[in-house]
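Q: this is a predicted model, with the sequence first.
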2 protein chains.
Amino acid sequence: MNDDESFFATSDPCWLAAALRHPVREAAVDVITSGLLSETIAAELSVIGATDVSRSLRPGSRVVIGTVEALRGAEIEPGLIAELTWRCGAVSDEGFVLLSSKDVVYIAALTERGLLYGFYRFLREPHLRPDLAIAESPARPIRMLNHWDNMHADSPLGSVERGYAGPSIFFHDGRIVIDKRRIIDYSRLLASIGINAIAINNVNVHQTEARLLVDQLTELADLADIFRRFGIALFVSVDFAAPLSVGGLNTADPLDTNVEHWWTELTARVYRAIPDFGGYLVKADSEGRPGPFEYGRGHADGANMLARALRPFDGTVFWRCFVYNAQQDWRDRTTDRARAAFGHFAPLDGTFDDNVVLQIKTGPMDFQVREPVSPLLGALPKTNLAVELQITQEYTGHQIDLFYLPRTWEEILDFDFDGPHADSGRASQRSSSSEGRTVAALTSARRGRRAGMVAVSNVGADANWTGNTLAQANLYGYGRLAWSDDISSSEILEEWIRLTFDLDDTDEHALHHVMYESPDTYEQYTAPLGVGWMVTPHTHYGPSVDGYEYSKWGTYHFADHTGIGVDRTVTTGTGYAGQYPTGWAQQYEFVERCPDELLLFFHHVPYTHVLHTGSTVIQHIYDSHFRGVEQVENMVSTWNSLRERIPSPVHDDVNSRLQLQLRNAIEWRDQVCTYFLRKSGIADARGRRIY
Amino acid sequence: MNDDESFFATSDPCWLAAALRHPVREAAVDVITSGLLSETIAAELSVIGATDVSRSLRPGSRVVIGTVEALRGAEIEPGLIAELTWRCGAVSDEGFVLLSSKDVVYIAALTERGLLYGFYRFLREPHLRPDLAIAESPARPIRMLNHWDNMHADSPLGSVERGYAGPSIFFHDGRIVIDKRRIIDYSRLLASIGINAIAINNVNVHQTEARLLVDQLTELADLADIFRRFGIALFVSVDFAAPLSVGGLNTADPLDTNVEHWWTELTARVYRAIPDFGGYLVKADSEGRPGPFEYGRGHADGANMLARALRPFDGTVFWRCFVYNAQQDWRDRTTDRARAAFGHFAPLDGTFDDNVVLQIKTGPMDFQVREPVSPLLGALPKTNLAVELQITQEYTGHQIDLFYLPRTWEEILDFDFDGPHADSGRASQRSSSSEGRTVAALTSARRGRRAGMVAVSNVGADANWTGNTLAQANLYGYGRLAWSDDISSSEILEEWIRLTFDLDDTDEHALHHVMYESPDTYEQYTAPLGVGWMVTPHTHYGPSVDGYEYSKWGTYHFADHTGIGVDRTVTTGTGYAGQYPTGWAQQYEFVERCPDELLLFFHHVPYTHVLHTGSTVIQHIYDSHFRGVEQVENMVSTWNSLRERIPSPVHDDVNSRLQLQLRNAIEWRDQVCTYFLRKSGIADARGRRIY
């Protein structure tokens, strides 16, 4: 595995493309620490074409990479050692320091892992700056990816639930892949943006995956060997009913001694094979998955039982809070799916073991284009938590339509449970309020070493990893936001464009503009004003205004001939607004204070209701949908203007997706406008063609 | 194959159950004709338990079965011979005579096939009547079944498109089944109701099926050997592009010499293996299937090319007329799918070879619960035609919900292109107008030997053949309606109940009532007033009022806040009404003359429009949906009242389906009523609960 040829295969380098032009390639570089991750750094230097690399300190070298301990043992002047030691003392175990001194760049850290992250950070610098002085620690200890990859599918290829970039990179023919080059390449990409944990299989654990830890432990250990070289811990999604389905017991009751014993034995076996195994990810009592409810037990009973099995090895249980009644009756207006996660978990605060992390989706529903932030995130002061994002574009365009997700994640991270701030800008808010109760702060290192972010990967076996090349920005942006609270989503996008393409300032700006506006564009032409869910059932791509209106999923808009929206107020509705602390509860409760973009999530209003913008709801529906299509037309022409500057396979592929997006946007516009014109009878004030 | 044990396996005997109680079992029976079908009669006698069967005439026997020719050669008195000869001279080649004379029942016919049908007809008589004098000829020469069975599926079992009774009885593991006992049993059921042709594979011909005639001709010949013993001709659905996909040619252009040669050679090969092969069934240029359009040719070019290949062997091409634009734009109100079949085929009348049969669906759309009769059926005086029915309950309840289809088929057969008859009853109309232009007459023997009926089978590998035991009545009824114009659907239902169950008169009457009313019941709780299509996309079971409203399939209701329906008039609409002869065109064109049950098929009217019944459209929607549910509740209690008299596995199974039907009916009622209340804002005059 030390042979560079096999360790780093050829595939789309994504944002690491810039490293292939980095001046370090021409420089003398000394990697003076020995160890597994230092090997990785040396290998990476070789891959990007650096030819003068030494494993010990040399006079005249331009870049020196080493832990504080290694630097102390080398022949470096005492003043510089003191400064590096002092600077590294101010960063965390995963942090690093980049410091220029007399034409030499020092990459220093307390640990090899810090060195690895410092090295990749250094590769993002376009020059060997003589004035480099950067110290970074990750904002969040947990920076994890979840893969919804399945081992069995109709084809021999492992499928990916809600995946839009080809089959699984992990599974083939119901086994872990033999050829692991893609996995090595993927690990490299992940390490370069600071990802330190990965769960490789779908949270919906089917029969084959349930046996993964039993039947394919050797192969899992091979995977873990790769991930380890990039500082990534391996997790596995487990079936809560595995004692029954795999273990041959007659119960999976978490309080049953045999069940606990079974998990304890299994876990010990796993750690014998993989000493740094991360732990388990569990979707229990959710959408038909088994869980402790079946035995009259609670979530804490289930999670803590697994936690006890993992504790001797310092392993972690990620327990998902995506629990709701998925057999709802649309006739019953008292049940509100939005209330479910808070209802289940808020009362359990403080009852989970300290190696349990509750994994909470951003909103109370399910990754809609627009939802309020989940009130549960602010209701667990005594519990480890991770916020769950979705990079794969399930409801946001299937990696056909352009949707730069970090911009919406940033808004979520900025959300402050202490109440609405009238005057603070978004980017600054996240950074400045890290002492407050923003989602950023609630998932930060301040909450301990088991806090952070988890996201569902958008990666598959497509040559460019993400189907749409521009969707690479979402993976990149996720890593960067998980790592840092000091960078805005706009700056991240600038970084990504610069690292991925080779454009002049004007073109960079043009591309930045359409990508940065893309969430707004998508929101304009899809479900209006926060109501969500007007999507084609099952696929979740394309419009179907009534697609979920009479379903069991609890996802309704209640449009009639006079108005639309879901009354979630305390006074007259489902009471969901009351799950927020007072400041937000008051904001959402009253129609006149509720932000326009969430109006229909919280209130049922007449089509003639006037928004803060001065427009009526119905006119807003018409205007936003026509505007959304115009914005897509703009995207298309901007992208066309870049034809000469983007490699043509990439340009053509993105272009063909933009054509589909335009068709999709027109379909949304026409169906939504027609639906509401037919239903309300209120004509478009601008007299545009509605069918 | 002459061993009765293997020839007739044990499976649900369906309506042949009565034969197991038939007095012929105790009687001396002489089957005096020799030949393949006479062997079948003898075998059948053995299966039902007749113990005294001879293959030559004996004194004192009670039943004599023989062709006129055989009877003439036997020692029968000359007067009787003369009478039988005279009576048989008045029936067709497939017809038969049952005649009692001096305590002996004679089953006579011109052909063995007539004998077979006569024999099964005789088995339906409960007694050896001394006054039997029946002569029958089939009303229609073509009495065919189509199977939409696929060879490949996710499972090794062959699937059935739109099948609701288990996997295919014909295919397994991508091949024709090896164990053919079910096929023998099925053939027996079909022969007993007069079916004489069968196409065994789906009209949507996929890759494996396209190679059927090439790769599995030997196995096909084995199947044909079975069917032949029951007077059934084997047909195969072919891929029009087979010269490309199978033959390795670079075109499938019907006017290309190589293409014609390929089909000619293939056909000759098939007939060498199966000398009485029936011919080909073709779905071309329809819903994505290939066809002559791709080469700038017409349907006649395509059909006649295949017809020429079949002509030397007297084979037949069935060419389906289910051709429409399946990539329609819902915004475009000028295109009307209902116009398509007539538009494509009416101008081609007289251009098809005489061994081509155009196969035309009952309505202009696709087997909806209520459609007008296809105007194409009346527009082809110089072309062979068969009307295509659907026994499998795609849009009519998936063999979960009860739907006695012959009642609706009877209405179609009674439809007279000469114009509406104000005063004639349904059953009598079909029989009495056989000289007119009813659908019955247009598909009758009067039109030549290539006229008749085709239906999509509802049979699968379920133990009872049809999933729901009561759906056996639909298969039975199809055969009886195809055979005879002298029996009403109500009488057929009486027959079926009597043959299948062992009930007293009261119970027979109760069951007859709910089954006979079932189409009306289903219509009440589903899409109202002929508008159709408010079904869940893809599955076609359960409600989704807007499910196809913005689709490519051309199936819309155009409901807005003021009204609903499709304007298909000549004056202001799509002009479809003008495809009928004047009498009907005038009836449909004017809203005040249009029958209520088709109102929304032909007209867009306000919800406040008053029907002939005196009710408004909106109130009718509410009333009919509440009534539909009540009628299902009635069904359930009627069925419960029969618990003691129906074998309990059958009773339980049907009962569990009725419970599902009730749930389905309630869901339809609530979704449809809610949809229209929300949309129209007009309250139910009876103040019932709508959500």
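A: Done, it's in. Since we're looking at a predicted model, the values are computed, not measured.
Q: next up, the contacts around the closest residue to A:Gly194 other than its chain neighbours.
A: In this structure, A:Gly194 finds its nearest non-sequential neighbour in A:Trp483, 4.1 Å apart by C-beta to C-beta, 6 or more residues apart in numbering or on different chains. The C-beta positions use only the backbone N, C-alpha and C, and glycine is treated the same way. By C-beta atoms under 8 Å, 6 or more residues apart in numbering or on different chains, the contact set of A:Trp483 is A:136, A:138-140, A:143, A:193-194.
Q: so A:Trp483 versus chain B, what's the distance?
A: 43 Å (C-beta to the nearest C-beta, to the nearest Å).
Q: next one: phi and psi at that residue?
A: Backbone torsions of A:Trp483, given as degrees, to the nearest 10, read phi -80, psi -40.
Q: let me see the confidence value for it.
A: pLDDT recorded at A:Trp483 is 98.
Q: check the gap between it and B:Ile32 for me.
A: 95 Å (C-beta to C-beta, to the nearest Å).
Q: helix, strand, or coil at A:Ile184?
A: Classification of A:Ile184 using DSSP: H, G, I helix; E, B strand; the rest coil returns helix.
Q: what's the answer for A:Ala43, then?
A: On the basis of three-state DSSP, A:Ala43 is classed as helix.
Q: how many neighbours does it have?
A: Burial measure for A:Ala43: 19 neighbouring residues, criterion other C-beta atoms under 10 Å in any protein chain shown.
Q: is the longest helix belonging to chain A up against chain B anywhere?
A: Secondary structure of chain A per DSSP state H: the longest helix is helix A:648-680. Yes: judged by C-beta under 8 Å from any C-beta of the partner chain, helix A:648-680 comes into contact with chain B at A:667, A:670-671, A:674-675, A:677-680.
Q: wait, which of those is closest to A:Tyr120?
A: A:Glu667 (41.5 Å; C-beta to C-beta).
Q: the closest one reaches A:Gly542, doesn't it?
A: Yes: in terms of C-beta atoms under 8 Å, A:Glu667 counts as a neighbour of A:Gly542; the distance is 6.2 Å.
Q: circling back to that earlier point, who wins for neighbours among the contacts of A:Trp483?
A: A:Ala139 (28 neighbours).
Q: Three-state assignment for it, please.
A: Strictly by three-state DSSP, A:Ala139 counts as coil.
Q: is it in contact with A:Ser484, as I believe?
A: Yes: using C-beta under 8 Å as the test, A:Ala139 is close enough to A:Ser484 to be in contact (5.6 Å).
Q: the stretch 201-350 of chain A against chain B: which residues are in contact?
A: A:330-331.
Q: from B:Tyr691, how far off is the residue of the stretch 201-350 of chain A found nearest chain B?
A: Closest to chain B within the stretch 201-350 of chain A is A:Arg331: 4.5 Å, counting by C-beta to the nearest C-beta. The gap separating A:Arg331 from B:Tyr691 is 5 Å, by C-beta to C-beta.
Q: intersection of neighbour lists for the two?
A: With C-beta under 8 Å, 6+ apart as the test, A:Arg331 and B:Tyr691 both reach B:Asp670.
Q: count of neighbours near the nearest residue in space to A:Ile412 that is not next to it in sequence?
A: Closest residue to A:Ile412 apart from its sequence neighbours, by C-beta to C-beta, 6+ apart: A:Thr362 at 5.0 Å. Using other C-beta under 10 Å, A:Thr362 has 25 neighbouring residues.
Q: give the contact list for A:Thr362.
A: A:Thr362 neighbours (C-beta under 8 Å, 6+ apart): A:371, A:373-374, A:387-389, A:409, A:412.
Q: contact partners for the nearest residue to A:His604 once chain neighbours are set aside?
A: Spatial nearest neighbour of A:His604, excluding adjacent residues (C-beta to C-beta, 6+ apart): A:Gly565 at 4.1 Å. The contact partners of A:Gly565, by C-beta under 8 Å, 6+ apart, come to A:529, A:531, A:557-558, A:599-605.
Q: how about the strands in the stretch 501-650 of chain A?
A: Secondary structure of the stretch 501-650 of chain A (DSSP state E, counting those that start in this stretch): strands at A:563-564, A:605-606.
Q: which outside residues touch the first one?
A: Going back to what we said before, that points to strand A:563-564. A:531, A:557-558, A:600, A:604-607, A:609, A:617, A:676.
Q: gap between the residue most central in space within chain A and chain B?
A: Computing the C-alpha centroid of chain A and ranking residues by C-alpha atoms, centre = their mean puts A:Ala455 first, at 2.9 Å. A:Ala455 sits 32 Å away from chain B when distances are taken as C-beta to the nearest C-beta.
Q: tell me what whichever strand or helix holds that residue is packed against?
A: If you go by DSSP states H and E, A:Ala455 is part of strand A:452-456. Strand A:452-456 sits against strand A:142-146, strand A:385-390, helix A:472-483, with contacts defined as 3 or more C-beta pairs under 8 Å, 6 or more residues apart in numbering or on different chains; DSSP states H and E.
Q: those: which one's closest to B:Glu294?
A: helix A:472-483 (40.0 Å).
Q: may I have that closest one as PDB, with CA atoms only?
A: The C-alpha coordinates for helix A:472-483 follow below in PDB (Å, rounded to 0.1, in the frame of the first residue of the first chain):
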ATOM      1  CA  GLN A 472     -18.700  18.900  -5.800                       C
ATOM      2  CA  ALA A 473     -19.000  22.400  -4.200                       C
ATOM      3  CA  ASN A 474     -21.600  21.000  -1.800                       C
ATOM      4  CA  LEU A 475     -19.300  18.300  -0.600                       C
ATOM      5  CA  TYR A 476     -16.400  20.700  -0.300                       C
ATOM      6  CA  GLY A 477     -18.600  23.300   1.400                       C
ATOM      7  CA  TYR A 478     -19.900  20.800   3.900                       C
ATOM      8  CA  GLY A 479     -16.300  20.000   5.000                       C
ATOM      9  CA  ARG A 480     -15.400  23.600   5.200                       C
ATOM     10  CA  LEU A 481     -18.500  24.600   7.200                       C
ATOM     11  CA  ALA A 482     -18.000  21.700   9.600                       C
ATOM     12  CA  TRP A 483     -14.400  22.700  10.100                       C
END
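Q: I am finished for the moment; much appreciated.
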